[in-house]
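Trainee: Coordinates for the following, if possible.
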Amino acid sequence: MPRLLILILAVGFSSVASRHVNFYRNDYTYVDEFDAFYKLHWDTSGTDWSSGFLACDDEGAELFYPKTRDEWTVVKKLVKAVPTALNVTDIFVGIHDKFGVGEFITINGYPVSSPVLHFDSPGIDRCVTMDIESGVLEANDCLTKPGSTRPFVCKKVEDVSCPTIDKGYQYFKETRKCYKVNKKAMNWSKAMETCLMEGGILLVMESPSEADILYRKVVAYGTKYYVGFKKLFNEEYYTVKGRNLRDTGYERWYQQNTRNECGIIWQASNNDGIYMDSEVCSNNYPFICEMTVRNE
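Mentor: Okay, the predicted model is just below:
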């Protein structure tokens, strides 16, 4: 591949890539463990569930509810960070039965998997609160009592999607890439052309952690896949992103096989991770395309 083409490819791919910045608004806190942004609304005048829901919606976020077992601890930490903590024990969360169907659902319309205390308590307009210290959910009135206050938390999850309607691409949060295994075997050039036509490129592994994700969730044992590196200048390998292979962050060769021109990866032995290897470019193999995620 001529040097000019590599430079063109590198520029083109950089325009597709998006840099992930852990920022949403100045008043939101990013929590890496849950890959989301949170804001504690602490209104001493008190509020009702609907006001909390609408306030979060106005900020482009949603009223928080714990989607995983330990996510409630985020709220506990946010409350402790308030300089002048008030005597508040619980918050409104995004679970309700405002439709009066007799079942609690989340603001996203899903059934609630965690138990809710006093589920059978009377009342048509029922909402759920969460104990700040324990994460326990409890059925409550959607209105606060006069003279009391009940804060709430807004949550913003970064909107990500693979920049294609091709359902073969699978998104992985850890790498912020989408991968697709093309099982129809082709030669290296045709494989690269196919990825480009789909809006992606042949896979370039850029870290041991990315290689581990591919090993655990993408590649099949014993199958060889074309990926995005090839011998070019001075018989050295360059990636389709225009970098020397040794500078990409991952280089683990199977039996130091660098005899051939085109790059492949495969799981050569069970429970031993991914190896890089080389093959004759005219041979046909399945291949892996990648796309960098765009923020919607």
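
Trainee: Give me the domain ranges for the protein.
Mentor: Taking automatic domain parsing as the reference, the chain has its domains at 3-18+161-295, 29-157.

Trainee: tell me which strands and helices the longest strand anywhere in the chain is in contact with?
Mentor: The longest strand of the chain (DSSP state E) is strand 177-186. Here strand 177-186 touches strand 170-172, helix 188-197, strand 285-292, going by 3 or more CB pairs under 8 Å, 6 or more residues apart in numbering; DSSP states H and E. Heads up, the C-betas are built off the backbone N, CA and C, glycines and all.

Trainee: For the first one, give me every contacting residue.
Mentor: Defining contact as CB atoms under 8 Å, 6 or more residues apart in numbering, one finds that strand 170-172 is touched by 160, 161, 162, 177, 178, 179, 180, 213, 217, 218, 293.

Trainee: about what we covered before: so which bits of the longest strand of the chain are buried?
Mentor: 177, 178, 179, 180, 181, 182, 186 (16 or more other CB atoms under 10 Å).

Trainee: what angle do it and helix 188-197 make?
Mentor: 140 degrees (axes from the mean of the first three to the mean of the last three CA atoms, to 10 degrees).

Trainee: C-alpha coordinates for strand 177-186, CSV please?
Mentor: Presented in CSV, the C-alpha positions along strand 177-186 are these (Å, rounded to 0.1, in the frame of the first residue of the first chain):
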residue,chain,number,x,y,z
LYS,A,177,-15.3,0.4,19.8
CYS,A,178,-17.7,-1.8,17.8
TYR,A,179,-16.5,-5.1,16.4
LYS,A,180,-17.9,-7.3,13.7
VAL,A,181,-16.8,-10.8,12.8
ASN,A,182,-17.2,-11.3,9.1
LYS,A,183,-17.4,-15.1,8.7
LYS,A,184,-17.3,-15.1,4.9
ALA,A,185,-13.6,-15.8,4.1
MET,A,186,-11.8,-13.4,1.8
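
Trainee: So what touches that strand?
Mentor: With contact meaning CB under 8 Å, 6+ apart, strand 177-186 is reached by 162-164, 166, 168-172, 191, 194-195, 198, 200, 203, 210, 214, 218-219, 225-226, 284-293.

Trainee: ok, back up a step: could I get the domains of the chain in CSV, plus columns for mean pLDDT?
Mentor: Converted to CSV, the domains of the chain look like this (pLDDT from 0 to 100):
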stretch, mean pLDDT
domain 3-18+161-295, 85
domain 29-157, 86
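
Trainee: what residue lies at the spatial centre of this protein?
Mentor: Central residue of the chain (CA atoms, centre = their mean): residue 173, 2.9 Å from the mean position.

Trainee: Excluding sequence neighbours, find me the nearest residue to that one.
Mentor: In this structure, residue 173 finds its nearest non-sequential neighbour in residue 35, 6.1 Å apart by CB to CB, 6 or more residues apart in numbering.

Trainee: go on, residue 52?
Mentor: residue 152 (3.8 Å).

Trainee: Against residue 290, how distant is that neighbour?
Mentor: Distance from residue 152 to residue 290, counting by CB to CB, to the nearest Å: 39 Å.

Trainee: in the chain, which spans are helices?
Mentor: Counting by DSSP state H, one finds helices in the chain at the ranges 3-16, 49-58, 72-80, 188-197, 208-217.

Trainee: Nearest to residue 125, out of these?
Mentor: helix 49-58 (8.6 Å; CB to CB).

Trainee: helices or strands next to that closest one in the packing?
Mentor: Judged by 3+ CB pairs under 8 Å, 6+ apart, the packing partners of helix 49-58 are strand 62-63, strand 90-96, strand 152-157.

Trainee: try 10 Å this time
Mentor: strand 36-41, strand 62-63, strand 90-96, strand 126-131, strand 152-157 (3 or more CB pairs under 10 Å, 6 or more residues apart in numbering; DSSP states H and E).

Trainee: would you turn those into JSON lines with mean neighbour count?
Mentor: Output for the helices and strands packed on helix 49-58, formatted as JSON lines (neighbours: other CB atoms under 10 Å):
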{"stretch": "strand 36-41", "mean neighbour count": "20"}
{"stretch": "strand 62-63", "mean neighbour count": "22"}
{"stretch": "strand 90-96", "mean neighbour count": "24"}
{"stretch": "strand 126-131", "mean neighbour count": "24"}
{"stretch": "strand 152-157", "mean neighbour count": "22"}
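
Trainee: Any chance of CSV for the ones you listed, columns distance to residue 28?
Mentor: Listed next are those as CSV, based on distance: least, CB to CB, whole Å:
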stretch, distance to residue 28
strand 36-41, 4
strand 62-63, 12
strand 90-96, 16
strand 126-131, 19
strand 152-157, 6
